[in-house]
Structure formats: structure tokens, C-alpha cells
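Visitor: Kindly generate the corresponding structure for this input.
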Amino acid sequence: MKVRLKRIRELFALFFAAVRQDGIGPTLRRAAAFFRRRFGSRRGRFLPRKKTLAAQRALDYAALGWPTVSILVPLYNTPPRFLRALLDSVLAQTCPNWQLCLVDAGDASHAETGEIVKRYQAKDGGRAGEPRILYQKIENRGIAANTNAAAALATGEYLGLADHDDVLAPHAVYEMMKAAHETGAAFLYSDEALFTRGIRRPTAGHFKPDFAPDYLNCCNYICHFSVFQKQLFHAAGGMNPACDGSQDHDLFLKLSEHAVPVHIPKVLYYWRVHAASTSGGTAAKPYVAEAAKRAIADHLTRTGAHGAVADGLFPSTYKVEYAIEGAPLVSILIPNKDHADDLAKALDSIFEKTAYPHYEVVVIENNSTERKTFDYYDALQKAHKNARVVRYEGGFNFSAINNFGRRAARGEYLLLFNNDVEVIGGAWLGEMLALCMQPGVGIVGAKLYYPDNTIQHAGVVVGLGGYAGHSHKYAKRGGSGYMFRASTVQNFSAVTAACMLVRASVYDAVNGLDEGFAVAFNDVDFCLRVRGLGWRVLFTPYAELYHYESKSRGLDTKGAARERFEGERRRMKERYGDSLTHDPFYNPNLTLDREDFTESDALPKDDPVPDNGPGSGTAQGTGAAHGA
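Guide: Numbers count the residues shown, from 1 in each chain. Below is the predicted model:
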């Protein structure tokens, strides 16, 4: 079935469900509002409203006691119009707690750079008798060394990084210093947008997850706007000239070893797209990849991880190839009722293709009635010494069946595996195991495809559709995904149990799957409970399988199955409440209506502006929405 037809069918189902729940009038009003947001003007959609910016400018920042950020900008033959745009954006900040540290390594033919800066120094006039725009001419020693030279000029408690051809949002300093003051965070980063001409017409937003360490090992998703304590910068050794080209990536990895970054999910930085910028891809700067691999390798060495760094599936992405230490046994648990042909297809793909040899298969028989099925069980166990069939007595309950199978398993790792899944490539199990063995990792999920080679699962986003949904569902096989999120190892809140590897000790620590979720949401609930104990949940695109979804059981569309499904949805809502719509590995600026990481049709409202003075506990409500 074509993706467009799938979408249309889902939209109609959503519409009629809303009519049944809310009535035709409210549903039509919601639909009209949706079309106004979707197809109306999108100019300046990431900028706060004018009244919000005015309220920020009116604050008494001396009374608030917020810190100051020194913005480091290495200049090199900067086009005058780009430089002016950057300087204008800094002078336009609603919060005055900034210092701009410019170091100019340009050649003699670009002497106008210094003259432009002098005019802006005079225009600004400084603060409290001290200049805020500092400028120094230096010898060009490379981007990292030049940034270190800018840092030597800084007097702010925090440092921020900006490129000489980019632009800050007018509330960038306000949002960063507010968060730094309120949280005490040593390292912060924001979302960003790309633009070619003006920031009121951005071409795309980069909406990032909260700190995702395994994602950062695969690409520099943090980028701009990043702010960190000056003392942390120096403690980490500053910028490393050996990583020129990926010096920011190297720095972020070093900083994250000492402080967990705090994410501000707002567009605070505008990244200009032009021929020489990495915003348009690293083809403009081919040396970036080698520098990035060195940065990641150095990070692995410092943290004691054992792995080699290789190129990823796409430019600007990388893969850490971790070593499998020892030969741990993996128990593959497969619930089954009849459908012997489907089970045989799944098992044949495991036995014929799996490169990692240390595994056992435990088929959990549940109420089969066909003679063909039991004949297949007999033949299976005779043909494969590492295959067993155990019998679960009772009605279908996916959680209870797998918990029963776990008691029969002998492995240090458990692989939950549907009987309608087929292995594609031989490395799949080794890839999952190498990740699951890493310190702090409890669960690893695989990349699953429909038979038509569209994505069925590339991680689970909690909150999609109000509960949970599969990342990049229906996207074509072979694509990179949003910000490479379908093609790099990722941190997620959950993964599907259709192919899920988990440490046996972790499975036991949370008492396995919750048998109150007989069919739906058991995997999501399980992953959330595992994450609640501090374990990471990962997705890898390097374990690829086909999933003939619900082929053997059917769908929950009517009758008792529908009632059971609705009951399990209520149970999820009761257990997790509003946290279901706040996935830390997603972003509030992205839609909850679709699985494709598109921008939300209703961006978050402006936050209230705090009242003047410390400890007042009040705020100036703006009631403003983005995009005005």
C-alpha cells in the first residue's frame, strides 16, 4: 500500500474518532484551526511576539542577578554584510548580559573588518563603563586556536560559540542566561534554524532531543547555540587544534564528560546556508569527517570505552564499532500460536543468516491447534540443538508469555522476537549485542521494515497520537531520517518488543513485562520502567529485519479486542499521565500527529517573562504564541 493511501486512511480514522468523542461541531472547528495553522503565513514563526521581546527588555537584570555570557567569534575574511548581520543581532539582544569577543585572523585584503567593528563598538557604548565588544587582530592558527584566543579575552561566567556568518535570535542571551540562573547548568544548548536571506524566513528548523550521548557519538547534533561555564571550558582543555573542522564536536564530547548538557527547546540561533558553510553539508569542508572521527575516538579513550570509529551511513555521521567481550549467550524468545510457515520463515532467517553464534531459541507455544505446528516443533528441535519449545498454558497475553519464556531462558541477554519477523543481514544480532553490552545500556531495538521496504520501526516516540508511535513510520528504506535519526545509533524512550534485546538482569530488575498490558503498550511501559532505573534505551539502524506486523494475531479494531486495547490505553494514561506527551528524546516543536518529525502545526507559546527582582515569584504573562 502506498504511503499516501496509508496517511489518508489514518487521517479519516482520526477524524471519525474525534467526531465520536467530541461531536461534529468541535471536530470541524479543530479541523479549520489546523488548516489555518498548516497553510497560513509562517513568517517569523520561531520568533517571540513583539510584546514578549519588549517585556524581556524592560527587566532590571541587575536586580535579577543573572550571569553574563561571553560570545566567542573567530573572524576570517568575513564578508562585511555577514559581519554586520551578526553584530546587529548581538546588539539587538533583549538581555544585556553579554560580551562579544572577536578575534580577527583575516588577511590584509580584509582590513575593513576592523573598521566595521570599531563603528559597532562606538554604537554600543559598553555597559557600566566597560566595552562589551572586544576586538583583537591575531595570526591565523586555525579555528580551534583562534577560538581559544577569543576565550582569553572573555570575562563572562559563561562562554558561547557563534560563527562569523550566522545570526543570534533576539532572545538568545535572555533564554540562555535565564536557564543558567534557574538551573545552575554548566552546559546548555538550544535548537537552531537554517536561513539563506533573513531570519524571518527560515528554510528549516533543527529541533533536537534532550541530551542523547549515543547520538552525539554518531554526529554533532548539538551544534548551535551552545553555552557553557568558562571554568568548565578551561578544565576540559579548551578547543583542540588537532580536531580543526570538528572542534565543536570534540569540545561538546569533552564537556559532556563533566556535565550533563541542558537543552533549551527554542530556536535561538540562525545558521546561514551558503557555499562555504557546513550548514549545507560537509562536502564544502571534506576534512571535517577525519577530525570528527578523531574527536570521537579520543572521547572513547577518555571514557574507557573499547571501540573503533568508522564512517556512518551518510556524510557527517559516524559509527562506533564496539567490541563484543567474551561470548555471552543470547536467548531468543518467540511466542507462537500455529502459523507454522511464518515461524519457519522467521527461524530459517535466524539460523541461516545470523553471524553471532552464541544464541539459543526458545519458542513459547501458546494454544496451537494445528497438527502441522507440532510436527514443525518436533523437526525444529531435532535439526537444531540450540532450539527448544516450551508450553505456556493460558490465554494470549504477550507479557505473561514472554515472562514465562524468560524463566526457561539460559542466556545473559534476552531477545524478544515476534514470529512474524525475518532477518535481513547476518550482522544484526552482533550489532545489537555490542551496544547492549556497553555500560549503562539496558535495551537495544532494531530497524524494522514493512514488506514494501518502508520503515515500520526506527525507535518509539512517546506521545505520538497521545500515547506512543514509531519513529519514521512509512519512510522509504535507505533514507537518513530527520537529522540522521533513522540512520545513526539513537537514544530513545522506548523500542518495540518485536525485536528487542535486553540484559536478563535488567529484565528481572523490573519484574519483566507488566502482565496488565496483555497486548498493547507492554514494550513501551517496559522501556519506560527500565529507563526509570537509569538505563539507556538504544536503537540501531545496523540491525535490519522485515516485520509482517500483526500478521499472525490481527489488529485491534473491533469487539473485545478493541475494548481490551482501550483499557490498556487508559492504564498507560493512569500510570504516566502528562509525561506521555513529553518525550525527552523528541522535541515540543515537532508534531505529535505524525511519525515523520515534521514541525508542529501549533508551536509552543511564549513563556511568561519573570517579574523584576529576585524571589518575587511572579511573572508578566504575555499569552503570546510563536509565529506572530
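
Visitor: For the residue nearest to the spatial centre of the chain, which residues are in contact?
Guide: With distances taken as C-alpha atoms, centre = their mean, Pro209 lies nearest the centre of the chain, 3.9 Å away. With contacts defined as C-beta atoms under 8 Å, 6 or more residues apart in numbering, Pro209 is in contact with 215, 221, 263, 491, 584-587. Every C-beta, even on glycine, is put in place using the N, C-alpha and C of the backbone.

Visitor: Tell me if it really is in a helix.
Guide: No - the assignment for Pro209, made by DSSP: H, G, I helix; E, B strand; the rest coil, is coil rather than a helix.

Visitor: Check the spacing between it and Val330 real quick.
Guide: 29 Å (C-beta to C-beta, to the nearest Å).

Visitor: neighbours of Asp514, just the number please.
Guide: 19 (other C-beta atoms under 10 Å).

Visitor: Not counting its neighbours along the chain, what's nearest it?
Guide: Nearest residue to Asp514, sequence neighbours excluded (C-beta to C-beta, 6 or more residues apart in numbering): Asp525, at 5.4 Å.

Visitor: re earlier: look up the pLDDT of the residue nearest to the centre of the chain for me, please.
Guide: Pro209 is assigned 98 on the pLDDT scale.

Visitor: Phi and psi next, for the residue nearest to His358 when sequence neighbours are not counted.
Guide: Distances taken as C-beta to C-beta, 6+ apart place Ala327 nearest to His358, at 4.7 Å, with adjacent residues excluded. Backbone torsions of Ala327, given as degrees, to the nearest 10, read phi -140, psi 60.

Visitor: pLDDT weak spots in the stretch 451-600 of the chain?
Guide: 550-559 (pLDDT under 70).

Visitor: got the residue ranges for the helices in it?
Guide: Per DSSP state H, counting those that start in this stretch, the stretch 451-600 of the chain has helices spanning 504-509, 522-532, 559-576. These are given in chain order.

Visitor: Can you say which of those helices is nearest to Leu53?
Guide: helix 559-576 (35.8 Å; C-beta to C-beta).

Visitor: Take the helices of the stretch 451-600 of the chain and write them to CSV, including mean neighbour count and distance to Tyr482.
Guide: What follows is the helices of the stretch 451-600 of the chain, written out as CSV (neighbours: other C-beta atoms under 10 Å; distance: least, C-beta to C-beta, whole Å):
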stretch, mean neighbour count, distance to Tyr482
helix 504-509, 16, 29
helix 522-532, 22, 21
helix 559-576, 14, 24
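
Visitor: Of all those helices, which one is nearest Arg294?
Guide: Between these, helix 522-532 lies closest to Arg294; by C-beta to C-beta that is 31.6 Å.

Visitor: how does the chain divide into domains?
Guide: For the chain, automatic domain parsing gives the domain ranges 50-311, 330-581.

Visitor: what's the burial count for the nearest residue to Asp250 once chain neighbours are set aside?
Guide: Excluding the flanking residues, the one nearest Asp250 by C-beta to C-beta, 6+ apart is Ala295, at 3.5 Å. Neighbour count for Ala295, taken as other C-beta under 10 Å: 26.

Visitor: Look up phi and psi at Ala295.
Guide: phi -60, psi -40.

Visitor: now do Leu159
Guide: phi -120, psi 150.

Visitor: Wait, it touches Lys230, no?
Guide: Yes - applying C-beta atoms under 8 Å, one finds Leu159 in contact with Lys230, separated by 5.2 Å.

Visitor: what is in contact with these two at once?
Guide: 70, 151.

Visitor: When those two are compared, which one has more neighbours?
Guide: Neighbours per residue, other C-beta under 10 Å: of Leu159 and Lys230, the larger number sits with Leu159, 25 against 17.

Visitor: where's the more buried one relative to Trp271, distance?
Guide: Taking C-beta to C-beta, one finds Leu159 at 19 Å from Trp271.

Visitor: and what of Arg536?
Guide: The value you get for Arg536 to Trp271, if C-beta to C-beta is used, is 29 Å.

Visitor: Ok, Ser109 next?
Guide: Ser109 is 26 Å from Trp271, by C-beta to C-beta.

Visitor: more crowded one of these two?
Guide: It is Trp271, of Ser109 and Trp271, that has more neighbours when counted by other C-beta under 10 Å, with 23 against 7.

Visitor: what stretches of the stretch 151-300 of the chain score poorly on pLDDT?
Guide: For the stretch 151-300 of the chain, the ranges with pLDDT under 70 are 275-285.

Visitor: could you show me where the helices are in it, in order?
Guide: Counting by DSSP H, counting those that start in this stretch, the helices of the stretch 151-300 of the chain are 172-183, 213-216, 230-235, 247-256, 288-303.

Visitor: List just the nearest of the contacts of Pro209 to Arg132.
Guide: His263 (27.2 Å).
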